[in-house]
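Undergrad: Following is a predicted model, sequence given first.
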Amino acid sequence: MPILSIIQYPHPILKTPCEALHQELPGVGQLIRDMQDTLMAHPFCVGLAAPQVGSLLRIVVIDCSRSRKPAKNHGNLVLINPVITHREGEQVMREGCLSLPDYTGNVKRAVAVVVEGLDSDEIPQKIEAEGFEAVVLQHEIDHLDGILFLDRITSLKTDVFRRKTY
Ligand code: NI
C-alpha cells in the first residue's frame with residue numbers, strides 16, 4: 001500500500017484540467033487504493049484529488065467521517081468523473097489543502113450540492129451532500145479542473161491565513 005507523495009503548489013500539474021475516464025485503464029484500481037491509503041496517512045484529511053498525487057484523471061476520494069468536526073456525511077467515497085449537477089445556497093467556510101499546507105482560507109461555496117459520478121466499481125452514484133461535505137466535494141472537484149481554493153479567495157489580504165496548527 002504505497003503512500004503517494006503530495007504535489008505542492010505551485011507545481012503546474014495542480015493547474016492542469018484533468019481528463020475524464022472513458023474506458024477501463026490498467027492501474028486505475030491501484031491508483032484509487034493508493035489514494036485512499038494516502039488520505040488515511042494524513043490525520044483529519046478528508047479529501048484528495050488525483051492531480052495532487054500526479055495523475056490527470058478525474059478521480060477524487062473523500063471521507064468526511066475523519067473530520068474533527070463530524071457532521072452528516074456519506075463516509076468513505078470514491079468518485080470517478082464526478083459532476084456537480086445541482087447547487088444551492090451560499091456559505092463561507094475555512095478551507096485547507098494538502099497541496100498548500102501552510103495556508104487556510106475563507107471560501108464562498110454552495111451550501112448543498114448533488115454530485116453524480118461512478119464509484120470504484122463504475123456503478124453510477126448520486127450523492128446529495130450539504131454543509132461541510134458539500135464544501136469538500138466542491139473543493140476536490142475543483143482540483144480536477146485545475147482550480148485551488150486560493151483561486152476562489154475574494155481578498156488575499158483578509159481571507160488567507162497562515163496555518164498555526166496542522
Ligand atoms: Ni485540496
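TA: Received, thanks.

Undergrad: where along this structure do the strands fall?
TA: Remark: strands assigned in the chain by DSSP state E are 47-49, 59-63, 76-88, 91-95, 103-109, 112-118, 124-130, 160-162.

Undergrad: want to throw these into CSV with mean neighbour count?
TA: C-betas here are computed from N, CA, C, even on glycine. Shown next, in CSV, are the strands of the chain (neighbours: other CB atoms under 10 Å):
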stretch, mean neighbour count
strand 47-49, 26
strand 59-63, 27
strand 76-88, 17
strand 91-95, 16
strand 103-109, 18
strand 112-118, 19
strand 124-130, 15
strand 160-162, 12
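
Undergrad: I'd guessed D119 sits against L79; true?
TA: Yes. Using CB atoms under 8 Å, D119 is in contact with L79, at 7.1 Å.

Undergrad: what residues do those two have in common as contacts?
TA: By CB atoms under 8 Å, 6 or more residues apart in numbering, D119 and L79 have these common neighbours: Q125.

Undergrad: Can you check which of the strands of the chain gets nearest to E19?
TA: Proximity to E19 (CB to CB) singles out strand 76-88 among the strands of the chain, at 9.6 Å.

Undergrad: From the chain's centroid, how far away is the closest one?
TA: Centroid separation for strand 76-88 versus its chain: 10 Å, with CA atoms, centre = their mean, to the nearest Å.

Undergrad: List the neighbouring strands of that strand plus their orientation.
TA: The strands that strand 76-88 pairs with in its sheet are strand 59-63 (antiparallel), strand 112-118 (antiparallel) (by DSSP bridges).

Undergrad: Tell me what angle the first one forms with strand 124-130.
TA: Relative orientation of strand 59-63 versus strand 124-130 (axes from the mean of the first three to the mean of the last three CA atoms, to 10 degrees): 50 degrees.

Undergrad: What lies in contact with strand 59-63?
TA: 21, 28, 31-32, 35-36, 39, 46-50, 75-80, 82, 133, 136-137, 140-141, 143-144.
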